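# Dropping a prediction and its sequence here:
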Protein chains: 2
Amino acid sequence: MKNKIILYDLSGKNNIRFSPPCWNVKLCLIHNNIDFDTIPIRFTEKEKINFSNQTLVPIIKYNEEIISDSWNIFVWLNDKIKEIKLIPNEQTRVFSHFLYFWTSKSLLPIIFKLIANDIPKILNAEDKEYFIKSREDRIKKPLKSLLSDKKKSKIQLFQSLITFEKILENNKFFNGNNLGLPDFIFFGNFMWAEKCSSENLFKNLPNIHKWFLNIKKLNRL
Amino acid sequence: MKNKIILYDLSGKNNIRFSPPCWNVKLCLIHNNIDFDTIPIRFTEKEKINFSNQTLVPIIKYNEEIISDSWNIFVWLNDKIKEIKLIPNEQTRVFSHFLYFWTSKSLLPIIFKLIANDIPKILNAEDKEYFIKSREDRIKKPLKSLLSDKKKSKIQLFQSLITFEKILENNKFFNGNNLGLPDFIFFGNFMWAEKCSSENLFKNLPNIHKWFLNIKKLNRL
C-alpha cells in the first residue's frame, strides 16, 4: 500500500494494548506484513474517535477512508489488498463471519467473567472508574460478584472451547495448514486475557494453548 | 460411480427414517445426484451391521469398501467422486469438521431434550423399549423428566443457534451462495426433529427456518 494504515487501538496505562478485536486486526496486519501505525485510545478519550461517527475501536484510517468494526476492516482489507487473499473463498467468509459473531457473543462474555476483576489493574484512575461503572451497568451486578463464580466460568469456558480443541487435533490452524482469517478472529480473545490477567484459560485445552503460542512465536508477539 | 452405493440407514416403524447423521449423508448423496439404495436398520437389529465392526449407522458399502461414521463417509465421498468437489478447500474441511463435532456434541443434545418423548411414538414395541432404556441410562434420569424442562431447553436451543441465524442474514447457505458440506452436516438435526416430533424448533429463528425449507424444496424432501 502506498500510504500507511492508521489503527486506533484501545490502550490502558503504560500504553498496554488489550482489546480483543484490535488484536485480531493487528495480528492480520502483522502476519501479512502490512505497514501500520497505531493511535492509542483510552476508554475516557472517546472524543478522539468522534470522526468515525461511532464509539468503538478498532478503527482504520487510510487516506480519506475510515472503517470501524473489525469485520468491516477485514472485508475492507480483503478488497483493498488483493494479494493477501484474506478471504480466498466463500467458505472462509462464512466460517470467519461465524467466528466473528461467536467469539464476541459467546466466548468473550465467558472470558470476561474470568478476567473482569483484573482489568482495572491495567487502567489509570479515570479509565478504571469508567470501566467498572459501565461493565457493572452491563452485567447488572458488582464485578466482584464474578469472583465467586470462577469455577463455574472455567467449566463454561472449557465446554465452549472443546469443539475447537478437537478441530486442532487434525489441523495446525483454524484456517487449515496455514494461518488465516479464522485464526486472526479467534486470537485476540486470548491475547486480551494474557495482557490483563494471569488467569490460565488453557486448562485441559493443550491444542488451543499450542496454537496460541505458535501464533505468537510466528509473529514475534 | 459404476456401482450403486448401499447406505445402512436407521429406521423406525412404518419405514420412517429419522437419524440425523444418516440424513446428513442422504442429503449429500441426493443433492449431488449420486445413486444409492438404503438398507433399513432398526435399533434392535444391530446384528445386521456386525460386518462393520462397530454399532452405529450411517454405514456405506461400496463394492468391498465399508465406511462408517458420517464424517468418514464425507471424506471418502470427497476422495472417491472428485467431480462433486465436496471439500473444495481447507477452510471447508475445517468449518465442516467443526460443525460435525458441534452439532453432535452441542446441538443434538439440546434438540434431544425437546423431542426425546416423541421418539418412542415412531418406534415399534421392541425398539421403543431399547430406546427408552438406553437413553435413560445415558441421561441418568427418566425421559419423562425432560418434559418439565422444555421451556429452558427452548431457550438453550435459541441461544445455541443465534450465531448461525445471524450468518444466514448475509448468506443463503452455510456454504455461501450454494448448498455444500456445511449445510449437509447441519441439516439432519432438523430433519430428525421433523420426522419424530411436532415441536417447533424455529421460533425466533426465521433465517434458519427459511434455509431448512429451501433445502427440502431444492431436493424434493
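Ah, there it is.
# Which residues outside stretch A:133-149 are in contact with it?
For stretch A:133-149, the external contacting residues (CB atoms under 8 Å, 6 or more residues apart in numbering or on different chains) are A:43, A:112-114, A:116-117, A:120, A:132, A:153. Every residue, glycine included, has its C-beta placed from N, CA and C.
# So which of these sit within helices?
Secondary structure from DSSP state H places A:112-114, A:132, A:153 of the contacts of stretch A:133-149 in helices.
# Tabulate the residues you listed (CSV), appending neighbour count.
Shown next, in CSV, are the ones in helices among the contacts of stretch A:133-149 (neighbours: other CB atoms under 10 Å in any protein chain shown):
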residue, neighbour count
A:Phe112, 20
A:Lys113, 21
A:Leu114, 22
A:Ile132, 18
A:Ser153, 20
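# and A:Asn204, how many neighbours does it have?
By the measure other CB atoms under 10 Å in any protein chain shown, the count of residues near A:Asn204 is 12.
# sec struct for it, please.
Here A:Asn204 is recorded as coil under DSSP: H, G, I helix; E, B strand; the rest coil.
# A:Ala193 too?
helix.
# I'd like the distance between it and chain B.
For A:Ala193, the distance to chain B equals 21 Å [CB to the nearest CB, to the nearest Å].
# wait, isn't that residue in contact with A:Ile110?
No. Judged on CB atoms under 8 Å, A:Ala193 makes no contact with A:Ile110 at a distance of 10.6 Å.
# ok so A:Leu161 is a helix residue?
Yes. Counting by three-state DSSP, A:Leu161 is found in a helix.
# can you tell me which residues contact the nearest residue to it once chain neighbours are set aside?
The shortest distance from A:Leu161 to any non-neighbouring residue, by CB to CB, 6 or more residues apart in numbering or on different chains, is to A:Leu205 (5.7 Å). Shown in contact with A:Leu205 (CB under 8 Å, 6+ apart): A:158, A:161-162, A:165.
# near chain B, which residues of chain A show up?
Contact residues, chain A versus chain B (CB under 8 Å from any CB of the partner chain): A:88-95, A:97-98, A:101-102, A:105-106, A:162-164, A:166-167, A:170-171, A:174-177, A:180, A:182.
# List the ones among these that fall in strands.
Using DSSP state E, no member of these falls within strands.
# Dump the contacts of stretch A:133-149 into a markdown table; add pLDDT as well.
Output for these, formatted as a markdown table (pLDDT from 0 to 100):
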| residue | pLDDT |
| --- | --- |
| A:Phe43 | 97 |
| A:Phe112 | 98 |
| A:Lys113 | 97 |
| A:Leu114 | 98 |
| A:Ala116 | 97 |
| A:Asn117 | 98 |
| A:Pro120 | 97 |
| A:Ile132 | 97 |
| A:Ser153 | 97 |
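# Show me chain A divided up by domain.
Here the domain assignment for chain A is A:5-84, A:90-218, based on automatic domain parsing.
# Count the residues that sit near A:Val25.
Neighbourhood size, A:Val25 [other CB under 10 Å]: 28.
# Double-check it against A:Ile73; I have them as touching.
Yes. The pair A:Val25 and A:Ile73 passes the contact test of CB under 8 Å, sitting 5.4 Å apart.
# Quick check: neighbours shared by these two?
Residues touching both A:Val25 and A:Ile73 by CB under 8 Å, 6+ apart: A:58, A:60.
# all helices for chain A, in order.
Along chain A, counting by DSSP H, helices occupy A:20-31, A:70-80, A:90-102, A:108-115, A:125-139, A:150-170, A:181-196, A:206-218.
# Dump the C-alpha coordinates for the fourth one into PDB.
Once non-C-alpha atoms are left out, helix A:108-115 reads as follows in PDB (Å, rounded to 0.1, in the frame of the first residue of the first chain):
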ATOM      1  CA  LEU A 108     -15.800 -13.100  25.100                       C
ATOM      2  CA  PRO A 109     -18.500 -12.900  27.800                       C
ATOM      3  CA  ILE A 110     -17.200 -16.100  29.400                       C
ATOM      4  CA  ILE A 111     -13.600 -14.900  29.400                       C
ATOM      5  CA  PHE A 112     -14.800 -11.600  30.700                       C
ATOM      6  CA  LYS A 113     -16.200 -13.300  33.800                       C
ATOM      7  CA  LEU A 114     -12.800 -14.700  34.500                       C
ATOM      8  CA  ILE A 115     -10.700 -11.600  34.000                       C
END
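# Can you name the residues in contact with that helix?
Helix A:108-115 is touched from outside by A:20, A:135, A:146, A:149-150, A:153-154, A:156-157, A:160, A:189, A:192-193, A:196-197, A:199, A:201, with contacts defined as CB under 8 Å, 6+ apart.
# 7 Å instead?
For helix A:108-115, contacts defined as CB atoms under 7 Å, 6 or more residues apart in numbering or on different chains pick out A:20, A:146, A:149-150, A:153-154, A:156-157, A:160, A:189, A:193, A:196-197, A:199, A:201.
# can you tell me which residues contact the residue lying closest to A:Phe164 once chain neighbours are set aside?
Spatial nearest neighbour of A:Phe164, excluding adjacent residues (CB to CB, 6+ apart): A:Ile208 at 6.3 Å. Taking CB under 7 Å, 6+ apart, we find A:Ile208 in contact with A:161, A:164-165, A:168, A:202.
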